[in-house]
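> show me the folded form of this:
(one chain, ligands or ions: 1)
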Amino acid sequence: MFDPLADTAASPEQRQVRATLRAFFEREAPIARIAELDSTETYPAEILTGMAELGLWGIAVDEAYGGSPVDARTRCIVIEEIQRAGACLGYAFIPTALFCAEAIGRFGTDNQRQQHLPALAAGNLRMAMALSEPDCGSDLMGLATRGIPEGDGLIIRGQKTFTTGADAADQILTLVRTTEGATPRHALTFVLIPRSHPGVDVKPLKKLAGQATHTCEVFFDDVLVGPEAIVGEINNGAAIVMDLLDADRVYTAAQSLGIAQGAFDIARAYALQRSQFGTQIINHQAVGHMLADMAIQIAGARALTEAAADRLDRGLPCRSESAVAKIVASEAGTQCALHGMQILGGYSYMVEYGMERYYREAKVQEIFGGTNQILRNVLVRDLGGGR
Ligand SMILES: Cc1cc2nc3c(=O)[nH]c(=O)nc-3n(C[C@H](O)[C@H](O)[C@H](O)COP(=O)(O)OP(=O)(O)OC[C@H]3O[C@@H](n4cnc5c(N)ncnc54)[C@H](O)[C@@H]3O)c2cc1C
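Take a look at the predicted model:
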């Protein structure tokens with residue numbers, strides 16, 4: 001049988017990781033539990049603690065700091081299985097365990113690594129990444145939140161928005177403008193700001209999906225931080241974010257695969273079990289072709305995601321490859337959720353089947369991590385186009 005999940009290049013260890021996580025989430029995060037957490041907007045703390053017991057929080061942390069690092073391909077398997085169980089889990093996990101862990105591990109100071117990474121790897125520290133602002137999303141280099149020099153430190157003044165997990169975070173990794181007038185590449189700086197710091201205010205927003213992990217507005221009202229808050233060098237934030245976003249897009253592709261695969265699995269099982277007009281509905285060509293198209297899209301998205309992850313592992317440039325993987329996988333996620341809704345008919349609207357959740361969770365994958373339009377612009381530049 002054609003199986004879009006077939007991962008012929010995966011090692012036995014990688015297959016074991018997938019099997020272990022699939023069993024864990026089916027037990028600890030079934031459809032009904034995630035639906036309850038999302039509908040009550042209850043942070044999925046217990047499940048996240050269980051993920052710590054599996055060692056997941058340390059997958060991007062060096063062993064010297066208590067982590068158990070795995071390659072990008074294995075990270076993608078972990079992310080896919082987390083997201084398949086529920087976007088609220090991915091939203092809580094990815095900013096901390098991947099984006100912030102990599103920012104501190106690769107660009108932070110020794111002190112920052114020692115202070116944060118052991119707790120992060122143990123699953124005892126939550127972080128959020130604050131890049132987007134009310135007036136600045138795709139045009140990230142135009143951000144307005146200021147880091148005004150004050151002694152050795154900075155006064156942070158401004159507002160971020162869409163900061164996922166900020167209200168549960170111990171630290172908010174925030175990109176600020178530290179130099180006026182300079183080109184954006186030499187004007188931005190990452191700072192680690194404790195959420196409980198005087199002058200920091202966090203307000204959760206109401207959203208469509210993954211509501212158990214809030215996406216928030218964050219206000220910085222003259223927040224004074226010392227030099228120990230600066231990640232990497234002052235005015236080097238643009239280079240750091242560009243570097244980290246390449247990997248982030250591969251992880252976003254893996255999230256989308258989790259949605260596409262989850263929707264496919266539910267739809268296929270339903271089409272085999274449900275009969276109308278005296279036959280299983282998979283035998284109605286219109287339904288069978290939707291399943292075939294889902295399998296084709298997943299197989300393509302999976303191959304591109306794995307290829308991009310391999311480039312990360314080999315230290316090769318990955319800007320266009322990560323963009324292609326993210327575009328194809330996120331559009332596959334949306335299409336698979338849409339087909340899944342059609343295949344389940346009226347039952348697709350019922351929460352207990354899990355399809356409506358994928359339907360709500362899929363679309364944002366085309367929007368965050370660089371919208372698919374912006375990523376197509378990246379490809380146009382690679383194809384020789386310019387502004
Ligand atoms: C649920 C959720 C969670 C998020 N989590 C985080 C987070 O944790 N941290 C964080 O920093 N951000 C986060 N974001 C923000 C996300 O990264 C932004 O929404 C995204 O970058 C797009 O920015 P924007 O929404 O301001 O849209 P805009 O940039 O205003 O774009 C609006 C539309 O115009 C299009 N567009 C804009 N410029 C161009 C162009 N040059 N060419 C073609 N089309 C263009 C866009 O593609 C889009 O369709 C999150 C968003 C959501 C919805």
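> near the ligand, which residues of this structure show up?
95, 129-132, 137-138, 162-164, 207, 215, 364, 367-368, 371, 373-374, 377 (C-beta under 6 Å from any ligand atom). From N, CA and C alone the C-beta is placed, and that goes for glycine too.
> give the burial count for the spatially closest residue to residue 71 that is not a sequence neighbour, as a bare number.
In space, residue 71 comes closest to residue 313 once its chain neighbours are excluded; the distance is 4.8 Å by C-beta to C-beta, 6 or more residues apart in numbering. Neighbouring residues of residue 313 were enumerated by other C-beta atoms under 10 Å; the total is 14.
> shouldn't residue 313 be in contact with residue 73?
Yes - between residue 313 and residue 73 there is a contact at 6.5 Å, judged by C-beta atoms under 8 Å.
> can you give me the strands for the stretch 51-200 of the chain?
Shown for the stretch 51-200 of the chain, the strands assigned by DSSP state E, counting those that start in this stretch span residues 127-130, 146-150, 153-164, 171-177, 188-194, 200-205.
> of all those, which lies closest to residue 108?
Evaluated over the strands of the stretch 51-200 of the chain, closeness to residue 108 peaks at strand 188-194, with 8.2 Å, by C-beta to C-beta.
> tell me the strands beside that closest one, with direction?
Applying DSSP bridges to the sheet, strand 188-194 is found paired with strand 171-177 (antiparallel), strand 230-231 (antiparallel).
> mean pLDDT and mean neighbour count added to the ones you listed, as TSV?
Supplementary listing: the strands paired with strand 188-194 in TSV, determined by pLDDT from 0 to 100; neighbours: other C-beta atoms under 10 Å:
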stretch	mean pLDDT	mean neighbour count
strand 171-177	98	26
strand 230-231	98	24
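> to residue 190, which of those lies closest?
With C-beta to C-beta as the criterion, residue 190 lies closest to strand 230-231 of these, at 4.0 Å.
> which residues touch stretch 127-144?
With contacts defined as C-beta atoms under 8 Å, 6 or more residues apart in numbering, stretch 127-144 is touched by 95-96, 99-100, 103, 116, 120, 145, 158-166, 168-177, 184-185, 188, 195, 216, 218, 238, 241, 370-371, 373-374.
> now residue 70: how far from residue 313?
10 Å (C-beta to C-beta, to the nearest Å).
> ranges for the helices of this protein?
All helices of the chain, identified by DSSP state H, fall at 12-28, 31-39, 45-53, 72-85, 87-94, 101-102, 110-121, 237-273, 285-313, 319-343, 355-362, 372-382.
> just give the number of residues close to the residue in the chain that the ligand sits nearest to.
With distances taken as C-beta to the nearest ligand atom, the chain approaches the ligand most closely at residue 137, which sits 1.9 Å away. A count of neighbours around residue 137, defined by other C-beta under 10 Å, yields 18.
> could you do residue 221 as well?
Other residues close to residue 221 by other C-beta under 10 Å number 13.
> OK, contacts around the residue lying closest to it once chain neighbours are set aside?
Excluding its sequence neighbours, the residue lying closest to residue 221 (C-beta to C-beta, 6+ apart) is residue 199, at 4.4 Å. With contact taken as C-beta under 8 Å, 6+ apart, residue 199 is in contact with 156, 220-224.
> now do the domain split for this protein, please.
12-126, 128-236, 239-382 (automatic domain parsing).
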